[in-house]
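> Would you be able to build a 3D model of this:
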Amino acid sequence: MRNGDEGSQLIFKCSLYFIESITIVLFSIIYLNYRGFICKNFKNIMSQNLHMNPWVLRKTVLPQHTDHAGVMWHGSYLNWLEEARINALSSVGLTYKEISQAGFEMPVVEVKIKFKSPLFHGDQVLLESAVSKGKGPRWQFETNFLNDSSKVLANSNVDLVLINKDDFTLIRKEPDFIFRALSYLIEGPQ
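Got it, this is the predicted structure:
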């Protein structure tokens, strides 16, 4: 009889371990599917934010922005993206100079630009930007370059991080005054 009890207990324990393992696997699958949903839909969420309340910068393509054929040079896009970020930060009450004087910098760690139609000397361009908290310490700026007809001529994604200016170490928890300003950027202009 005793062997039968031990056998039953062993079967019961194995059943519990099996149920526990299945539960862990199911929760893992649910979690990964949820993360996949978020990742797949992140672009849509950002694009919706761009149309809701974007940060705006108006520019004119000048001769110094173009190549010899009058087409806007690819490096000029990067200058305009930086200007858009700096202006948006200033609009929420934090200048880049203040960030730097506090001992920090916000370097670009990734840039993607998709050129859809060329910009030419004399074109009027509207940059519309949305900001989001990215993965880990990243802050993401998505920007559309629009013509007078609201046609998207180019779009970009720029990721930045906050670093200590003295030793170039990555800052994972922003000081309150920087976090507050970046959070205001997510909301868009008021």
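> What confidence value was assigned to the residue nearest the centre of the chain?
Most central in the chain under CA atoms, centre = their mean is residue 140, positioned 2.2 Å from the mean C-alpha point. pLDDT recorded at residue 140 is 97.
> Check residue 24 too.
Predicted confidence (pLDDT) at residue 24: the value is 66.
> From residue 188, how far off is the residue nearest to the centre of the chain?
14 Å (CB to CB, to the nearest Å). Every C-beta, even on glycine, is put in place using the N, C-alpha and C of the backbone.
> And residue 128, by the same measure?
Relative to residue 188, and taking CB to CB, residue 128 is found at 10 Å.
> outside of stretch 177-185, which residues touch it?
Applying CB atoms under 8 Å, 6 or more residues apart in numbering, the contact partners of stretch 177-185 are 55, 88-89, 92-94, 99, 102, 104, 131, 133, 139, 162, 173-174.
> In PDB, list the C-alpha atoms belonging to it.
Output in PDB follows, covering the C-alpha atoms of stretch 177-185 (Å, rounded to 0.1, in the frame of the first residue of the first chain):
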ATOM      1  CA  PHE A 177      14.200  68.500 -15.500                       C
ATOM      2  CA  ILE A 178      15.200  66.700 -18.600                       C
ATOM      3  CA  PHE A 179      12.700  63.900 -18.200                       C
ATOM      4  CA  ARG A 180       9.900  66.500 -17.700                       C
ATOM      5  CA  ALA A 181      10.800  68.400 -20.900                       C
ATOM      6  CA  LEU A 182      11.100  65.200 -23.000                       C
ATOM      7  CA  SER A 183       7.700  64.100 -21.600                       C
ATOM      8  CA  TYR A 184       6.200  67.400 -22.700                       C
ATOM      9  CA  LEU A 185       7.600  66.700 -26.200                       C
END
